[in-house]
Every structure is written in C-alpha cells, then in structure tokens.
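Just to be clear, the model below is a prediction. Sequence and coordinates:
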Amino acid sequence: MRTTTTPPQPGRAATSVVLPDLLGDLGALTLALVDTPSVSGSEAPLADAVEAALAGCSHLEVARHGNTVVARTHLGRAERVLVAGHLDTVPVSERTTNVPGRMEERDGRQVVWGRGSVDMKGGVAVGLHLAAALTAPSRDVTWVFYDNEEVNGDLNGLGLALDAHPEWFAADLAVLCEPTGAAIEGGCNGTLRLVLEVPGTAAHSARSWRGANAVHAAGELIARAAAAPVRTVEVDGLAYRESFNVVLIEGGVAMNTIPDSCRLHVNYRYAPDLGPREALSRALRIMAGIDPRDEEEDPAVEVSTGTVAVRVDDLCDAARPGLDSPLAAGLVAVVRARGGGVGPKLGWTDVARFSAAGVPAINLGPGDPMLCHTDDEHCPVSQIEEVASILREWLS
C-alpha cells in the first residue's frame, strides 16, 4: 500500500540515491546511509530513497509530509507502537576525516565510521531493516523517518508532520532510536536557547574612555553563566543533570574600535521537573545575577553598560521518563535480560515531542552518545545488530 501526501516539488530531479536491500547486512545499510550527505535542510535525496525503499514493502502504507516519511502496518492489533529516527546530521567539521564513511575492523569487530554513524543513521538503519522484515509483528507499528532534528524546533520535520497529520502518530508507546549504547534512556532534559544583546558605545580604541565596551560588559554575563547553580534532579527514579553555558559570542567591528554591541548565545539544558516557562524564568534570574528561586516577576538583565535585550531563540519541553506503561516495561525487561541498563537522557530528543502529544516515549538506539557530533564519530555494527535484535524480539 502507498499514499503520497506531498507531491514532488516542481523541478526537483528524481533521486539518485538507491539504498541497498533493507533485508541485507545492517553494516552495509548503515554505511550507505552515512555516505548519503543529509545535513539539516538537505535531506530530500535521502528521504526520496527511504520512501522508494519502503514503497516496495507490500505490508506497509507509506505516506510523506515534506521530507518526513511514515510507514505503517494495518494488521488490526490491539496495540500500536511507533519507532522513529531522524535523517539529518550536523555539518562535517574541517577536522573530520571520516568523509566519506568507511567500514573497518577494530578489536575484532566491524565498525562504521563517519558523520551520522552514531547520531543517528545506525538507528535509522535499524528502523528501515525492521520495517521491511517484520511483516506480521505482534503489535501494529508506525515507522517514522524525519528531517531537521538538529536545528531549531520550528523546522523539525516530526513536529511539522505531527501538526499536519496527528492521526499518523497515534500510538501506545514511541521508541526513538537515538544513540543510547543499546541501553534504555528515559525522558530527556529540556533545552532553552537565549540570545542576549549587550549594549555599548563605540569609540576609537586609542580613546577608549569615550566609549563603553560591550564585549567587556558581556564578561559579567559570562561569569553569571559559569557560576549558574545547575542541579541534578531525580525524576521517577532517574537522575537528570542540568547544564548552563554560553555557547557562542559575537562582537566587534574593527581592530581599532570599541565594540558598541556584543551578542551572547546561552544554552540551558533543564531537568524534566521544570516546565518551559519555569525554565525560562530560572534562566532569566541566573543571567540577572539573582537567586533563581526568587519569586518576583522575571527581572531585567543589566550589566555595566546598560540593560540587555533578551530573546528566546529556542525552547523545547523536557520529558519525564515514560517507563511506567506495560509496553515500556516489556521492552525494559528485554533490554535487561541482555545485560542492558536504564538511565536518563541528558540531551534533548523528540521523546519530548511525543510526550507532549500524549504518547509515552523512550530512547533506545545504537552508538555511544558521547560520540555524537564528534570528529571521530563511529558505531560498532554489533551494536546496531543488537538493537535490531532487541526490537525484533519485543515486536515479534
């Protein structure tokens, strides 16, 4: 079965990407995915290839919204689960040597190297392989492959498709194949990005006293961020560690001019005991240099050169662990029987998006999350096979 909900864009050439047999070797499939560039915003050729590969599976109904591809079984089962993975990657840095991807042996096992091997084309390979292989699972399954996860939330393909076609995503439990080292990671921290515009007054650097250096004033904000009272919070038995950092600084116009402005980008990864509004209020208090537990209205952020303009660049919900449903307990039992553990997801993932839509969700995928976005990103094929085996057992 096949439905196309978004027609090809006018003038868009047919895809030149052809994926290997989805029922074949998982290492080869992962390497083919890694070798297909899909930095956020350029996923169309890979989405075309995924759609074409899944359209050949007679047991699946395939639909598409933008560059998000959804494939569903309709077997009349009592329960439905959703398995999802994002197609995009962060850009390749100048230091990265794993381009194109490669397969090599390390310590007696095959390893896929390259951008996206961990985050998260190993997980996408698991989803594609099982979507083709499980023709009669014990539960109906919705397989989702989406774009623009690594950028601002308003571009996220899953979120856009959820808004346009909520009925596609109805499920009793969602599994996001983000890298967890084949363990289960429950819930996720929320993420908040603030942009702070620090004012100053321009002057010749030889007569700096006539101006007000915005970059120097920004140092006050940097110090507040560095001293932020981040917490480790236990939520439903899992400990979520927060982080609060300046991640980008922009300022200055010339080598002989006092900067009249400086822009700071601050990222707060907050624990799931907070809602978005509470996280924003806490962040504003930290940047204002006051106790984040203060109950007054959100304060103005000020530095020596004046009042700082603050803009929210991105704000995404956290998610609680979501491990208390019978479906999740069954998956946890399979993982633990194989020696895997259960812990918190400290980064943000789209389990939060599913949770907000009323679908409990957990993270389970191949790859060491510490290698996400690194120059030596790599994933053992055995771990990709292990996650596929876990999900196959759970769904059979």
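Nice, I can see it.

When you work out contacts or count neighbours from here on, use the C-alpha atoms and nothing else.
Noted.

So in the chain, where's the weakest helix or strand by average pLDDT?
strand 102-106 (a mean of 87; mean pLDDT, DSSP states H and E).

Now do it: which elements does it pack against?
For strand 102-106, the contact count by 3 or more CA pairs under 8 Å, 6 or more residues apart in numbering; DSSP states H and E identifies strand 109-113 as packing neighbours.

pLDDT below threshold where in the stretch 151-300 of the chain?
Within the stretch 151-300 of the chain, no range satisfies pLDDT under 70.

returning to that earlier point: can you dump the C-alpha coordinates of the least confident helix or strand of the chain into PDB?
Only the C-alpha atoms of strand 102-106 are listed here, as PDB (Å, rounded to 0.1, in the frame of the first residue of the first chain):
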ATOM      1  CA  ARG A 102      34.200   3.800   6.000                       C
ATOM      2  CA  MET A 103      34.000   0.300   7.500                       C
ATOM      3  CA  GLU A 104      37.000  -1.000   9.300                       C
ATOM      4  CA  GLU A 105      37.800  -3.700  11.900                       C
ATOM      5  CA  ARG A 106      38.700  -2.600  15.400                       C
END
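
what residues does that strand touch?
Here strand 102-106 makes contact (CA atoms under 8 Å, 6 or more residues apart in numbering) with 31, 110, 111, 112, 113, 114.

Nearest to residue 78 among those?
Taking CA to CA as the measure, residue 78 lies nearest residue 31 of these, at 35.8 Å.

any idea of the mean pLDDT in the helix or strand hosting the closest one?
Assigned by DSSP states H and E, residue 31 belongs to helix 26-34. Mean pLDDT, helix 26-34: 97.

what comes up buried for the least confident helix or strand of the chain?
Across strand 102-106, burial judged by 16 or more other CA atoms under 10 Å covers 102, 103.

How is this protein divided into domains?
With domains defined by automatic domain parsing, the chain comprises 26-187+319-395, 190-316.

just so I know, which of those domains lies nearest residue 20?
That would be domain 26-187+319-395 among the domains of the chain, by CA to CA, at 6.1 Å.

how far is the closest one from where the chain is centred?
11 Å (CA atoms, centre = their mean, to the nearest Å).

same deal with stretch 212-226?
Taking CA atoms, centre = their mean, one finds the center of stretch 212-226 at 30 Å from the center of the full chain.

Contacts made by it with the rest, please.
198-203, 244-246, 251-252, 258-262, 264, 266, 286-287, 289, 303-305.
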